[in-house]
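Asker: Below is the structure, and that's it, no one-letter string:
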């Protein structure tokens, strides 16, 4: 795995934050890892981004091993954070959710 682009870091951080919130609310790991399609990620997590940028960045993170994506209708139709993605984020943000939130707030949309 190479280094991630700024957009990939942002998207992965937003997804990881949601994963941590889902786990904290009692959701199972397998359910918390699943984010639906790139359309859902765009609508619910990054509405200020263009949809094409969300979808393209999901593909980039899939190639990097940070997400597991299934494709249909020319989009990422099922996006899951991978175990490698979770491990990467756990090592990047050792203080958990509060550190992720702080990082996200410092990145431009």
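Answerer: Structure's in. What do you need? What you see is a predicted model; the values in this text were computed from it and never measured.
Asker: could you point out the longest helix in this protein?
Answerer: Secondary structure of the chain read by DSSP state H shows that its longest helix is helix 6-24.
Asker: which of the residues in that one are buried?
Answerer: Taking 16 or more other Cβ atoms under 10 Å as the neighbour-count basis, helix 6-24 is seen to contain the buried residues 7-20, 22-23. Any C-beta I mention is one placed from the backbone N, CA and C, and that applies to glycine too.
Asker: neighbouring contacts of the helix or strand of the chain with the lowest mean pLDDT?
Answerer: Taking mean pLDDT, DSSP states H and E as the measure, helix 97-106 is the helix or strand of the chain with the lowest mean score, a mean of 75. Under the contact criterion Cβ atoms under 8 Å, 6 or more residues apart in numbering, helix 97-106 has outside partners 10, 13-14, 16-17, 20-21, 24, 89, 93.
Asker: Output the residues you listed as CSV; include the columns distance to residue 48 and pLDDT.
Answerer: Written out in CSV, the entries for the contacts of helix 97-106 read as follows (distance: Cβ to Cβ, whole Å; pLDDT from 0 to 100):
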residue, distance to residue 48, pLDDT
10, 11, 93
13, 15, 93
14, 11, 94
16, 18, 94
17, 16, 92
20, 21, 93
21, 19, 93
24, 25, 92
89, 22, 91
93, 22, 81
